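Engineer: Mind folding the following:
(chains A and B)
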Amino acid sequence: MPIIELRDVHKVYTMGTEKVHALNGVSLEIERGEYVAIMGSSGSGKSTLMNLIGCLDTPSSGSYHLNGIAVEQLDDTELAGIRNKEIGFVFQSFHLLPRTSALQNVELPLIYAGVTRSTRKERARHALERVGLADRMGHQPNELSGGQRQRVAVARALVNDPSILLADEPTGNLDSTTSEEIMRLFDELHQGGNTVILVTHEPDIANHAWRRIQLRDGKVLSDQPTDRVTVVHA
Amino acid sequence: MVFAENFRIAFSALQANKMRAILTTLGIIIGVAAVIAVVSIVQGLQFMATNVFEGVGATYMMILPKQDPQRSPGEVVHQVKLTWDDGKAIRSQVPGVRLITPVILGREQVKYRDRQHRPEALIGVNDDYQGVNNHTVDRGRFFSRIDLENRRKVAVVGPDVVEKLNLGSDPLGKEIYIGKYPATVIGVMEDKGQTLGQNLDDIVFIPFDSAVTLFGRSAGEQVQLRLQAESTDQVDAVRDGVTRVLRTRHHLAKGQADDFQVLIQDEILSQVTKFLSGVTAVIGGIVGIALLVGGIGIMNIMLVSVTERTREIGVRKAVGARRQDILVQFLIEAVTLSLVGGAIGLALGYGIGVLAAHLIPNWPPAHVPLWAVALAFGFSALVGIFFGIYPAGKAARLDPIEALRYE
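Structural biologist: Purely as a prediction, here's the structure:
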């Protein structure tokens, strides 16, 4: 069973009096353990698709099954629960809480999951160790470099063992060296068995993935393995 | 969502903007401080009043001369009289009167050798006074009937007078001057402390007739009569009897209003209470306005806070916060804000009450009852919830996508 299954998904926004068709019948399946890049220029619908996959939004029509759950039928509170359990978000601008230590930032999803304090601390510590920040747990975001902040964000995404890691331009605010480091981290996580979905417009970043889905005008333009697969299989 | 976690979030959010938090809660601080200051002072008074009148008991009664308030303008003011002869008539004609004394209140300089002092009151009474007012001598003795009948020049003084006149450790038998009249100290009253702004220890008692001599004949025609009925059951009967006797003696025709008033302990107490509740009500209104203004301040700053932290809300929602989690978080922040204001106001108000009690002479000590503390915190919390619900609701309803995109 695919972990993500979209069937003829449409998303229509009303901007003033005009209707905008952000997604025009997208169907796709992503299996557990895949490493996928969703690409497209601005206005292609990739942000809308990411919001749908991330359960921040629901489709106007069509169906979306995440890990077997029919997401389009869920209400606001249930969506929050799904985001908490199934999705690990990594954002372009990190979105860490200011004046809050790395450890406490990573704990955040566990608080909403109702995990007890001691278990929370332990799991958050473990997640930070996985991203190589064992020595930075007490630091606040403004005491960390951009790369370290993004690592904290990745740890936060991982901490509740989600079905998918959903990264939106994860290197958009980083220099090229740091970008490489973060992408190596995603590669490692993928190798460790995580399902990783990158949303990006940078081909270099997308090439880390094994499968590339290209969007244009709210439709899937192409869906094929990346060079990486060719390289690996050659 | 763990409750404690919300408090931690609220405190760290407030700590990040300390000055703003303090300024925001100023309305609450002032409101609560005003409540507590007034309550502490009023309660002090009430406490005192209750103590005093419970001291004299429910059989206590006071008769005062009273001008007819209905008299027509231009009418020659007729001097209302109430004399000790009236009192004697009550004693002999009204059954159920256990003790009765006339009271003349005045002020006069007293002297002992080179020391001079002006006590708060110079009071002329008879031998029943001790029992009527439940105020007795500690050393020596009070006036006896023999003292009164023989017009002996004697005085009983309060402990403060002993100190002020430097009468030493054995004041009994010493000769003091009241105005230009000499008097021998025969007793020192017990320590009573201060009551309703009057120092009961700074009083000189002299026999009633001496007081008439000192203050003049007219003073003797405008006395107070104070009495104790034999039992509480007889209070109403005694009052009726007093009214009947006095109306006859004062030749009041049917339909003419009393030219005296009889106050019983309950009424005196209820008048004091009425006055104090009036003060409390007025201040309560002012405080209500202060709390309203304070609440609007909190709502305003919470709206600013929600806007400022739109992205934080987005992040929280993205990682799984439900609407109710966000709602509770911001509500707790608002309530914390107002409770902190309430706590500061409480401390400040109590400080003001204590200070006022110290600065105003003869003022009873400040007294803050537990209900006032509970009320202050309750109101603060209520203001926080009431004015926090709108901003918190706004935060909870934010669309996570919009919130994450917010710059």
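
Engineer: which parts of chain B sit against chain A?
Structural biologist: Proximity of chain B to chain A, by C-beta under 8 Å from any C-beta of the partner chain, involves residues B:1-2, B:5, B:12, B:16, B:311-312, B:314-325, B:400-401, B:404. Where you see a C-beta, it was placed from the backbone N, CA and C, and this is true even at glycine.

Engineer: how about 7 Å then?
Structural biologist: By C-beta under 7 Å from any C-beta of the partner chain, the residues of chain B that approach chain A are B:1-2, B:5, B:12, B:16, B:311-312, B:315, B:317-323, B:325, B:400-401, B:404.

Engineer: low-confidence ranges in chain B?
Structural biologist: Within chain B, the stretches with pLDDT under 70 are B:1-2, B:48-56, B:67-79, B:194-197, B:361-363.

Engineer: so where do the helices sit in chain A?
Structural biologist: A:46-53, A:76-86, A:102-113, A:117-130, A:146-158, A:176-191, A:203-206, A:227-233 (DSSP state H).

Engineer: Those helices: which one's closest to chain B?
Structural biologist: Nearest to chain B, of all the helices of chain A, is helix A:76-86, at 2.4 Å by C-beta to the nearest C-beta.

Engineer: Tell me the buried residues in the closest one?
Structural biologist: A:79-86 (16 or more other C-beta atoms under 10 Å in any protein chain shown).

Engineer: Where does the stretch 301-407 of chain B get nearest to chain A, residue-wise?
Structural biologist: Nearest residue of the stretch 301-407 of chain B to chain A, counting by C-beta to the nearest C-beta: residue B:320, 2.4 Å away.

Engineer: roughly how far apart are the closest residue to that residue other than its chain neighbours and residue B:293?
Structural biologist: Leaving aside its chain neighbours, residue B:320 sits nearest to residue A:84 (2.4 Å; criterion: C-beta to C-beta, 6 or more residues apart in numbering or on different chains). Distance from residue A:84 to residue B:293, counting by C-beta to C-beta, to the nearest Å: 40 Å.

Engineer: again with residue A:128
Structural biologist: 46 Å.

Engineer: Between the two, point out the one with more neighbours.
Structural biologist: residue A:128 (25 against 15; other C-beta atoms under 10 Å in any protein chain shown).

Engineer: Please, which helix or strand holds residue B:316?
Structural biologist: Take DSSP states H and E as the rule and residue B:316 turns out to sit in helix B:310-318.

Engineer: Show me what that helix is in contact with.
Structural biologist: A:56, A:80, A:83, A:89, A:95, A:97, B:326, B:395, B:398, B:400, B:403-404, B:406 (C-beta atoms under 7 Å, 6 or more residues apart in numbering or on different chains).

Engineer: quick one, what contacts residue B:86?
Structural biologist: Going by C-beta under 7 Å, 6+ apart, the list of residues near residue B:86 reads B:225, B:246, B:249.

Engineer: Ramachandran coordinates for the last one?
Structural biologist: With angles defined as degrees, to the nearest 10, residue B:249 sits at phi -60, psi -30.

Engineer: what's the following helix or strand after the helix holding residue B:316?
Structural biologist: Next element after helix B:310-318 (DSSP H and E): helix B:323-359.

Engineer: From the centroid of chain B, which residue is nearest?
Structural biologist: In chain B, the residue lying closest to the centroid (C-alpha atoms, centre = their mean) is residue B:45, at 1.9 Å.

Engineer: ok, back up a step: what number of residues are in the vicinity of the residue of the stretch 301-407 of chain B closest to chain A?
Structural biologist: Residue B:320, neighbours per other C-beta under 10 Å, totals 26.

Engineer: and the helices of chain A as JSON lines, adding mean pLDDT?
Structural biologist: Compiled in JSON lines, those are given as follows (pLDDT from 0 to 100):
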{"stretch": "helix A:46-53", "mean pLDDT": "93"}
{"stretch": "helix A:76-86", "mean pLDDT": "94"}
{"stretch": "helix A:102-113", "mean pLDDT": "94"}
{"stretch": "helix A:117-130", "mean pLDDT": "94"}
{"stretch": "helix A:146-158", "mean pLDDT": "95"}
{"stretch": "helix A:176-191", "mean pLDDT": "94"}
{"stretch": "helix A:203-206", "mean pLDDT": "92"}
{"stretch": "helix A:227-233", "mean pLDDT": "62"}
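
Engineer: Reformat those helices as a markdown table; add distance to residue B:277.
Structural biologist: A markdown table is the format used below for the helices of chain A (distance: least, C-beta to C-beta, whole Å):
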| stretch | distance to residue B:277 |
| --- | --- |
| helix A:46-53 | 61 |
| helix A:76-86 | 49 |
| helix A:102-113 | 49 |
| helix A:117-130 | 50 |
| helix A:146-158 | 58 |
| helix A:176-191 | 70 |
| helix A:203-206 | 75 |
| helix A:227-233 | 84 |
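
Engineer: if I pick residue 219, what's in contact with it?
Structural biologist: In the absence of a named chain, chain A is used. A:24-26.

Engineer: The chain in question should be chain B.
Structural biologist: The contact partners of residue B:219, by C-beta under 7 Å, 6+ apart, come to B:104, B:106, B:212.

Engineer: Are we agreed that residue B:185 is in a helix?
Structural biologist: No. Secondary structure of residue B:185 (DSSP: H, G, I helix; E, B strand; the rest coil): strand, not part of a helix.

Engineer: for stretch B:380-389, which positions count as buried?
Structural biologist: For stretch B:380-389, using 16+ other C-beta under 10 Å, the buried residues are B:380-381, B:383-389.

Engineer: Return the subset of these lying in helices.
Structural biologist: Under the assignment DSSP H, the buried residues of stretch B:380-389 contribute B:380-381, B:383-389 to helices.

Engineer: got the residues you listed as a markdown table, with distance to residue A:207 columns?
Structural biologist: As requested, those are arranged in a markdown table below (distance: C-beta to C-beta, whole Å):
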| residue | distance to residue A:207 |
| --- | --- |
| B:380 | 59 |
| B:381 | 57 |
| B:383 | 58 |
| B:384 | 54 |
| B:385 | 54 |
| B:386 | 56 |
| B:387 | 54 |
| B:388 | 50 |
| B:389 | 51 |
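
Engineer: what residue lies at the spatial centre of chain A?
Structural biologist: For chain A, by C-alpha atoms, centre = their mean, the most central residue is residue A:166; offset 0.9 Å.

Engineer: what's near enough to touch that residue?
Structural biologist: A:50, A:53-54, A:87-89, A:197.

Engineer: Report the beta-bridge partners for it.
Structural biologist: residue A:89, residue A:197 (DSSP bridges).

Engineer: before we move on, back to that, and the helix holding residue B:316 with helix A:102-113, angle?
Structural biologist: Calculated by axes from the mean of the first three to the mean of the last three C-alpha atoms, to 10 degrees, helix B:310-318 forms an angle of 50 degrees with helix A:102-113.

Engineer: the inter-axis angle of helix B:310-318 versus helix A:146-158?
Structural biologist: Going by the same axes, to 10 degrees, helix B:310-318 makes 40 degrees with helix A:146-158.

Engineer: correct me, but the residue nearest to residue B:320 touches residue B:319?
Structural biologist: Yes. If you go by C-beta atoms under 7 Å, residue A:84 and residue B:319 touch, sitting 6.5 Å apart.
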